[in-house]
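J.: no sequence on this one, just coordinates:
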């Protein structure tokens, strides 16, 4: 939807976070606090790059800046149901040491000796025993953990384990809570972000940075119960195709359910207005040209709309789509390796060569072949020698280096 060029510090620019902040769901602190919003989007960016859903492009020329583009995993991710996507993120969260849960209240003591994994496992074990839609007190939960598992969130070194365990058990509840409650509330907040639990506050002022432990309540959602109780393999299957899209003559699109494969297929060429249980989007000339610039054809755009639509597309929509596509002028710049070959039999042999076919060898005019520019030149050189072709190089090429037998050479 937006061209995003990461800053020199590899973070999302503030002008982009300002545009995206109103679209956030369930992140009230990020909506009201610029610092919290910046932290949240940097976290999302880190998560998406770590999962290879997005990646940073490497510009072919210096005048272009690096920008975010689809990653290798996006094609797989886009075909998962919403439940499966959340389950993937939940599994990453449970296993990751680098996933930093939100640290909401600066008045809480921060400890470098906190075991986030232990805190998460303890909470998840507790939530599996909770009743859906029943409110519980966070204070009561901490008191229960202090009583039953006071060491769960403690990172203790082996050399003084017995002394540390004894000291932690001796702590009063207040001292123990000051040391470890940020780990538990941070985990609670992440589970809320994933939609597995709801968090409530007795105080009406939820915009404050200071959260009082006595005012926090939580409840397990139906969705949370489903995620926390299922095995990893239960949601591996791809969702069945649905016709959940309504295309109106006003160019407004309504996606009537969280159909993630449909949503991801529409994103390249629509303007997002709201992503929710029912999502609202619009078609306009700008959004369609953006899709065409991304490599889609107008036929593919129409096919995608028809595939997910409940009814045939309105005639005025079809007419406008084709009209907008005529206004799009584009040029594709690519690097190719050219082979000048005079002998027709040699051309046929090279075009039929299995390895060269993988690199899109093609005849572009009599006596002239083209191969993708990212093909290893040494591979082409070796094939031409095997085919008995005399080789002459015209222009500047990188020197063909013999392959090293030292398997560690690439690590410098």
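T.: Looks like it arrived, so ask away. Remember, predicted model here, so these are calculated numbers, not experimental data.
J.: use CA for all of it now, contacts and neighbours both
T.: Noted.
J.: Point out where the protein drops to low pLDDT.
T.: For the chain, the stretches with pLDDT under 70 are 1, 25-33, 36, 60-63, 102-113, 156-160, 203-214, 231-241, 330, 396-412.
J.: Go ahead and flag the most central residue of it.
T.: Central residue of the chain (CA atoms, centre = their mean): residue 48, 3.4 Å from the mean position.
J.: Kindly confirm my reading that that one forms part of a strand.
T.: No. Read with DSSP: H, G, I helix; E, B strand; the rest coil, residue 48 is helix and lies in no strand.
J.: Can you show me the strands along the chain?
T.: Taking DSSP state E, the strands of the chain run over residues 54-56, 68-70, 136-137, 197-201, 216-220, 245-247, 252-255, 271-274, 279-282, 336-340, 362-365, 368-372.
J.: winner for burial among these?
T.: strand 245-247 (a mean of 23; mean count of other CA atoms under 10 Å).
J.: Could you list the residues in contact with it?
T.: Residues from elsewhere that reach strand 245-247 (CA atoms under 8 Å, 6 or more residues apart in numbering): 253, 254, 255, 256, 305, 308, 309, 310, 311, 313, 314.
J.: on that earlier part again, rebuild the strands of the chain as JSON lines, extending it with distance to residue 151.
T.: As requested, those are arranged in JSON lines below (distance: least, CA to CA, whole Å):
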{"stretch": "strand 54-56", "distance to residue 151": "38"}
{"stretch": "strand 68-70", "distance to residue 151": "42"}
{"stretch": "strand 136-137", "distance to residue 151": "21"}
{"stretch": "strand 197-201", "distance to residue 151": "24"}
{"stretch": "strand 216-220", "distance to residue 151": "23"}
{"stretch": "strand 245-247", "distance to residue 151": "51"}
{"stretch": "strand 252-255", "distance to residue 151": "47"}
{"stretch": "strand 271-274", "distance to residue 151": "44"}
{"stretch": "strand 279-282", "distance to residue 151": "44"}
{"stretch": "strand 336-340", "distance to residue 151": "62"}
{"stretch": "strand 362-365", "distance to residue 151": "66"}
{"stretch": "strand 368-372", "distance to residue 151": "59"}
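J.: ok so, going back, any quick PyMOL command for the buried ones out of the contacts of strand 245-247?
T.: Selection of buried members from the contacts of strand 245-247 for PyMOL, criterion 16 or more other CA atoms under 10 Å:
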select buried, resi 253+254+255+305+308+309+313
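J.: Widest-spaced pair of the contacts of strand 245-247?
T.: 256 and 314 (18.2 Å; CA to CA).
J.: For stretch 262-280, measure first residue to last.
T.: Here the two ends of stretch 262-280 are set 13 Å apart, with distance taken as CA to CA, to the nearest Å.
J.: Go ahead and measure how far it is from the middle of the chain.
T.: How far stretch 262-280 lies from its chain's middle: 16 Å, per CA atoms, centre = their mean, to the nearest Å.
J.: can you check stretch 354-369 too?
T.: Its chain's C-alpha centre and that of stretch 354-369 lie 36 Å apart, by CA atoms, centre = their mean.
J.: Over to the nearest residue to residue 336 once chain neighbours are set aside: give its phi and psi.
T.: Nearest residue to residue 336, sequence neighbours excluded (CA to CA, 6 or more residues apart in numbering): residue 373, at 4.0 Å. With angles defined as degrees, to the nearest 10, residue 373 sits at phi -70, psi -20.
J.: isn't residue 373 right next to residue 360, touching?
T.: No. Residue 373 is beyond contact range of residue 360, at 10.0 Å (criterion: CA atoms under 8 Å).
J.: Against residue 161, how distant is residue 285?
T.: Going from residue 285 to residue 161 by CA to CA gives 66 Å.
J.: And these two? Which one has more around it.
T.: Neighbour totals were compared for residue 285 and residue 161, and residue 285 leads with 17 against 12 (other CA atoms under 10 Å).
J.: need the contact list for that one.
T.: Counting by CA under 8 Å, 6+ apart, residue 285 has contacts 321, 324.
J.: now with 6 Å?
T.: Neighbouring residues of residue 285 by CA atoms under 6 Å, 6 or more residues apart in numbering: residue 324.
J.: Roughly how far does it sit from residue 315?
T.: Distance of residue 285 to residue 315, computed by CA to CA: 16 Å.
J.: Next, the contact list for the residue lying farthest from the centre of the chain, please.
T.: Distance from the C-alpha centroid of the chain peaks at residue 343, with 50.3 Å (CA atoms, centre = their mean). Shown in contact with residue 343 (CA under 6 Å, 6+ apart): no residues.
J.: Got the phi and psi for it?
T.: phi -80, psi 120.
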